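Novice: coordinates for the following, if possible.
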Amino acid sequence: MKHPLHPAVVHFPIATWSLATFADVAGLWWGDAAWRYAGPLHVVGNLTALVTVAAGLLDFMQVPADSPATKYVTRHVALVSGAWLAYGASLVLRYHEHGLQSPTMPAIAASVVGFLLLGAAGWQGGQLVYRHGVNVEGR
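Specialist: Residues are numbered from 1 along each chain as shown. Here you go, the predicted model:
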């Protein structure tokens, strides 16, 4: 494939996880009216992350081991892994006999932690593209 797949699919988990976190926080004021959206968004985010991580790993294999970008790749992977773990934990914590509604405070906290890690991972991803030109044609 001429165009890297990771940049094309990364928007899906970012969008769904971010919206899930906003719905979790909004649910503290509006309750189930917001939380009813958070659970399914967490599910979609975790599922689309599978494709995104697979595509990212394929792109990672194209970075030479001696590249100065390697340390940013390592940070990006670590932060994304942490975000995925946090969002996965939030999903597991919110799932109980009543389904995905009414998450506990630990589930909401895990969602917020995931969001912060996702932002930091995005920053590192930006460094890879804009500073080091990883997977930018002609560089």
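
Novice: where do the helices sit along the chain?
Specialist: 6-9, 11-30, 32-60, 70-94, 105-126 (DSSP state H).

Novice: any idea which of these gets closest to His132?
Specialist: helix 70-94 (6.6 Å; C-beta to C-beta). Backbone N, C-alpha and C define where each C-beta goes, glycine included.

Novice: so Gly56 touches Leu79, yeah?
Specialist: No. Between Gly56 and Leu79 there is no contact under C-beta atoms under 8 Å: 11.9 Å.

Novice: about what we covered before: would JSON lines of the helices of the chain with distance to Gly133, mean neighbour count and mean pLDDT be doable?
Specialist: Listed next are the helices of the chain as JSON lines, based on distance: least, C-beta to C-beta, whole Å; neighbours: other C-beta atoms under 10 Å; pLDDT from 0 to 100:
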{"stretch": "helix 6-9", "distance to Gly133": "13", "mean neighbour count": "16", "mean pLDDT": "90"}
{"stretch": "helix 11-30", "distance to Gly133": "20", "mean neighbour count": "18", "mean pLDDT": "97"}
{"stretch": "helix 32-60", "distance to Gly133": "13", "mean neighbour count": "18", "mean pLDDT": "93"}
{"stretch": "helix 70-94", "distance to Gly133": "12", "mean neighbour count": "19", "mean pLDDT": "94"}
{"stretch": "helix 105-126", "distance to Gly133": "12", "mean neighbour count": "18", "mean pLDDT": "96"}
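
Novice: next, count neighbours for the closest residue in space to Arg36 that isn't next to it in sequence.
Specialist: Once flanking residues are discounted, Arg36 sits nearest to Gln101: 6.3 Å by C-beta to C-beta, 6 or more residues apart in numbering. Burial of Gln101, expressed as a neighbour count using other C-beta atoms under 10 Å, amounts to 15.

Novice: correct me if wrong: Gln101 contacts Pro40.
Specialist: No. Assessed by C-beta under 8 Å, Gln101 is found out of contact with Pro40, at 10.5 Å.
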